[in-house]
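**Student:** Got a predicted structure here, sequence first:
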Amino acid sequence: MNAPGSVTGDAVADFFAAGGRHRLWCPALTFYTEDGSLDEEAFARHLDRLAPHVGGILVPGSTGEGWQMSERESLDVLRLALQAAPARGIRVLVGLLRPSAGEIASLARAAADLAGAGSDILGFTLAAPLAAEPMDEAALEAAFRPVLETGRSVFLYQLPQVTGSTIPASLLERLSERFPNVAGLKDSSGEDALALGGAPERLVLLRGAEGDVVPWSLEGGGPYRGFLLSSANVFPAELHAVLADLEAGRLEEATALSGRVAAAVGDAFALVAMLPFGNPFTNANKALLHARFGERGAARLHGGRSLPSDVLAVAQQILHRHGFAGA
Ligand SMILES: N[C@@H](CC=O)C(=O)O
């Protein structure tokens, strides 16, 4: 079952099999002006930096502050992405990051309406609703079904540290048998149980956790075909180069560069760990982006907060320490 304007699971697999930048995806940061509205120009500049190096963007992902947004705000940033992506040759995954099953289904309907037929949406990224107690398999299936029944391609999104629930292997297997439009899995848990435990072979597996890419890549003996990394906001060229090195069999070069990126990103996550607001994916990457590209508005977060100037100064030092030029 595939909806009008939707991409089939096979086409999604072919897209990633094309290799190179197609295997690198970015959960794009969201930019705000001083009055809190979307900064369309900063977003366009950001996509210009990303486009040569990524297959597409996830909008809004956790890094794009999707969990903090209302449905209206999610649709506003999606609209911008759909306007900007085709001219830059990149595709869009829609992040369905909403607190309840009803709100997930509502955003999926509205996003499909916005995209219409023949759009550049590659699919939905579908996380569990937020729950104080872990949801069981039946409850997760009930929450996912309305989106799966739209026929749009779907990546199930493992994010227990935010949602409170873990998608079990048995559910992934059943849904992928029942719904051919389950195209893949994005796992940001850092535990990788589904990929390591033998997820159905036809699925495209994407890693969303930060860290060294090499051992998790197919070429490095790992299970993941692609990577959807918050750090692609700051290091798109380097992560693209790592994948190119891997594909060309230059394992040593890939390992050295991937290790350097991972070390800088690790330091940035440690830097923002003490911040009592925002989320670490956003805060770490906004601080690094501000330092690396001089994107001044990058310090502004959803809801009117800003990253403190001492955090921005240390981000600059982190870049220098790991040999990356700053603005
Ligand atoms: N790649 C991620 C990071 C966390 O899952 C995203 O969606 O922003």
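**Tutor:** Ah, there it is. Numbering: from 1, shown residues only.
**Student:** in the stretch 51-200 of the chain, which spans are helices?
**Tutor:** 71-84, 101-115, 137-148, 160-163, 169-178, 193-196 (DSSP state H, counting those that start in this stretch).
**Student:** So which of these is nearest the ligand?
**Tutor:** Of all those, helix 160-163 sits nearest to the ligand, with 7.7 Å by C-beta to the nearest ligand atom. For every residue, glycine as well, the C-beta is placed using N, CA and C.
**Student:** Give me the local confidence score for the closest residue to the ligand within the stretch 151-300 of the chain.
**Tutor:** Proximity to the ligand, evaluated over the stretch 151-300 of the chain using C-beta to the nearest ligand atom, is greatest for Ser188 at 3.1 Å. For Ser188, the model assigns a pLDDT of 97.
**Student:** Check Ala17 too.
**Tutor:** 89.
**Student:** where do the helices sit along the stretch 201-327 of the chain?
**Tutor:** So, for the stretch 201-327 of the chain - with DSSP H, counting those that start in this stretch - the helices run 236-247, 251-272, 280-293, 309-321.
**Student:** Deepest-packed of these, please.
**Tutor:** Mean neighbour count, computed with mean count of other C-beta atoms under 10 Å, is highest for helix 280-293 among the helices of the stretch 201-327 of the chain, reaching a mean of 25.
**Student:** quick revisit: now tabulate the helices of the stretch 51-200 of the chain in TSV and tack on distance to Ser230 and mean neighbour count.
**Tutor:** Shown next, in TSV, are those (distance: least, C-beta to C-beta, whole Å; neighbours: other C-beta atoms under 10 Å):
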stretch	distance to Ser230	mean neighbour count
helix 71-84	16	19
helix 101-115	21	18
helix 137-148	23	17
helix 160-163	13	17
helix 169-178	23	16
helix 193-196	18	18
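**Student:** export those helices to CSV and tack on distance to the ligand?
**Tutor:** As requested, the helices of the stretch 51-200 of the chain are arranged in CSV below (distance: least, C-beta to the nearest ligand atom, whole Å):
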stretch, distance to the ligand
helix 71-84, 13
helix 101-115, 15
helix 137-148, 17
helix 160-163, 8
helix 169-178, 17
helix 193-196, 14
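**Student:** With mean pLDDT added, can I get those in TSV?
**Tutor:** Supplementary listing: these in TSV, determined by pLDDT from 0 to 100:
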stretch	mean pLDDT
helix 71-84	96
helix 101-115	94
helix 137-148	97
helix 160-163	95
helix 169-178	97
helix 193-196	96
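**Student:** and of the ones you listed, who's closest to Gln316?
**Tutor:** Set against Gln316 and scored by C-beta to C-beta, the helices of the stretch 51-200 of the chain come closest in helix 71-84, at 27.4 Å.
**Student:** Alongside the ligand, which residues does the stretch 201-327 of the chain contribute?
**Tutor:** The stretch 201-327 of the chain has residues 208, 228-230, 281 near the ligand, with proximity defined as C-beta under 6 Å from any ligand atom.
**Student:** so what pLDDT did Gly64 get?
**Tutor:** 98.
**Student:** before we move on, the earlier item: export the residues of the stretch 201-327 of the chain next to the ligand to JSON lines and tack on distance to Ala325 and pLDDT?
**Tutor:** Converted to JSON lines, those look like this (distance: C-beta to C-beta, whole Å; pLDDT from 0 to 100):
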{"residue": "Gly208", "distance to Ala325": "27", "pLDDT": "97"}
{"residue": "Leu228", "distance to Ala325": "25", "pLDDT": "98"}
{"residue": "Leu229", "distance to Ala325": "20", "pLDDT": "98"}
{"residue": "Ser230", "distance to Ala325": "20", "pLDDT": "98"}
{"residue": "Phe281", "distance to Ala325": "23", "pLDDT": "96"}
